[in-house]
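Engineer: quick one, structure for this:
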Amino acid sequence: MEKSSHQIKVKLMTDIKTQFDPILRQSIKKKKQIAVIPIGSVEQHGPHLPISTDSDIVSEVAKKISEKNGYLLLPTITTGVSFEHAPFFNLSIKNSTLRNVLTDLCMSLLDNNIKIIFIINGHHGNQKAISNIDVKLKKISKNKLKVFPFSYWHFMKREFDHAGFVETSLMMAISKNLKMKSAKKGLITDNMTLQEIKKISKLANKSFPKATKNGIWGDPTKATKKEGNVILSEIVKNLSKKCQTCLTRHSS
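Structural biologist: I've put the predicted structure just below:
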């Protein structure tokens, strides 16, 4: 026997691009919606990871957080600020461009009565663009918008790397698009002093290839899918908790 239309419960998916306009507008009217904007990059990640790595990882993190909390997930901004990877492959936009795009997106969300936004960043080079963007948007929106920018690696215990153990393990957990036979050790900082690490990090911000030689910071050769799932779960748990704390403070 077929169920009548009023008996069928339609679960609103969190991925905003899959939604249909009338249902989405009705949902926004009924409930205060919270949006998530993931930002990644298109840049080299050594010979074993795809150039979409940052975008792939942050998309998965944002998806899991949105599913866990019922947030509206926006499409990932897949191009970021990656000039430091030249002459290795990168597709880059300026800090000002990324900042303007994010500002326009947030104001557009406000036009649709969505006033709380989490920006989840997946690439180190994007940090300058999202720095203090919450203050800027609060001023532009006349205190109507509440924006919280976060970089996901701040929510795990391990030291972050680039195409090293952490990123490679995360990619093994979420994707099959890897070439582990091509994985090679990159820059290892274990025996460096804090001063030496600070110096090499400063160089990497200007020219990643000069600092790492092969474009890899860390050692991907011992990465595992199991460890990737552990790290991913830790990030999602901690970042989700942070998002909920922000909402509690905002509502109080």
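Engineer: which residues in the stretch 151-252 of the chain form helices?
Structural biologist: 165-174, 194-206, 208-212, 225-251 (DSSP state H, counting those that start in this stretch).
Engineer: right, and those helices - which one's nearest residue 149?
Structural biologist: Proximity of the helices of the stretch 151-252 of the chain to residue 149 was assessed by Cβ to Cβ; the nearest stretch is helix 225-251, lying at 10.9 Å. For every residue, glycine as well, the C-beta is placed using N, CA and C.
Engineer: in that closest one, what counts as buried?
Structural biologist: 227, 228, 231, 232, 235, 236, 239, 240, 242, 243, 246, 247 (16 or more other Cβ atoms under 10 Å).
Engineer: just checking, what packs against it?
Structural biologist: Applying 3 or more Cβ pairs under 8 Å, 6 or more residues apart in numbering; DSSP states H and E, one finds that helix 225-251 contacts helix 53-69, strand 116-121, strand 146-151, helix 165-174.
Engineer: put together a markdown table for these, with mean neighbour count, mean pLDDT and distance to residue 76 on each row.
Structural biologist: Putting the helices and strands packed on helix 225-251 into a markdown table (neighbours: other Cβ atoms under 10 Å; pLDDT from 0 to 100; distance: least, Cβ to Cβ, whole Å) gives the following:
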| stretch | mean neighbour count | mean pLDDT | distance to residue 76 |
| --- | --- | --- | --- |
| helix 53-69 | 23 | 97 | 5 |
| strand 116-121 | 25 | 98 | 9 |
| strand 146-151 | 20 | 98 | 14 |
| helix 165-174 | 24 | 98 | 13 |
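Engineer: hang on, the earlier thing: now the helices of the stretch 151-252 of the chain in TSV, with distance to residue 117?
Structural biologist: Shown next, in TSV, are the helices of the stretch 151-252 of the chain (distance: least, Cβ to Cβ, whole Å):
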stretch	distance to residue 117
helix 165-174	24
helix 194-206	27
helix 208-212	30
helix 225-251	11
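Engineer: isn't residue 133 up against residue 147?
Structural biologist: Yes: using Cβ atoms under 8 Å, residue 133 is in contact with residue 147, at 6.4 Å.
Engineer: what residues do those two have in common as contacts?
Structural biologist: residue 119 (Cβ atoms under 8 Å, 6 or more residues apart in numbering).
Engineer: about what we covered before: now, which of the buried residues of helix 225-251 sits nearest residue 211?
Structural biologist: residue 231 (23.6 Å).
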